[in-house]
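*Asks:* Would you be able to build a 3D model of this:
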Amino acid sequence: MSFEKGDTVVLHEEHSEYDGEVGEITQVSETMFGDVNYTVSFEDGQEAGVPESSLEAAEEETEEDDEE
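*Replies:* Numbers count the residues shown, from 1 in each chain. Down below sits the predicted model:
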């Protein structure tokens, strides 16, 4: 699954201080080998060079969830 700028994702990278956190993709870049890397912004920073395999689409919150 590929992601686009503005998508909300969960980072799964045990060596990152943002492991398990939800962030927003702010940049999509392609390496010279054709791989796609992402920059993900979090509330208190960002993680650059994140491979697609370390990302999972975050569950979208609905208005019902916000009201509860």
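
*Asks:* how far is stretch 6-16 from where the chain is centred?
*Replies:* Offset of stretch 6-16 from its chain centre (CA atoms, centre = their mean, to the nearest Å): 4 Å.

*Asks:* In that stretch, which residues are buried?
*Replies:* Counting neighbours by 16 or more other CB atoms under 10 Å, one finds that the buried residues in stretch 6-16 are Asp7, Val9, Val10, Leu11, Glu13. C-beta coordinates here come from the backbone N, C-alpha and C atoms, glycine included.

*Asks:* What segments of this structure are strands?
*Replies:* For the chain, applying DSSP state E gives strands covering 8-11, 22-30, 36-42, 45-51, 55-57.

*Asks:* do you know which of the ones you listed lies nearest Ser2?
*Replies:* strand 36-42 (6.5 Å; CB to CB).

*Asks:* residue contacts, the residue lying closest to Asp19 once chain neighbours are set aside?
*Replies:* Nearest non-adjacent residue to Asp19, counting by CB to CB, 6 or more residues apart in numbering: Glu13, 5.5 Å away. Glu13 makes contact with Asp19, Glu47, Val50, Ser54, according to CB atoms under 8 Å, 6 or more residues apart in numbering.

*Asks:* so how many other residues sit close to the residue nearest to Ser16 when sequence neighbours are not counted?
*Replies:* Excluding its sequence neighbours, the residue lying closest to Ser16 (CB to CB, 6+ apart) is Glu47, at 5.7 Å. Per other CB atoms under 10 Å, the neighbour tally for Glu47 reads 19.
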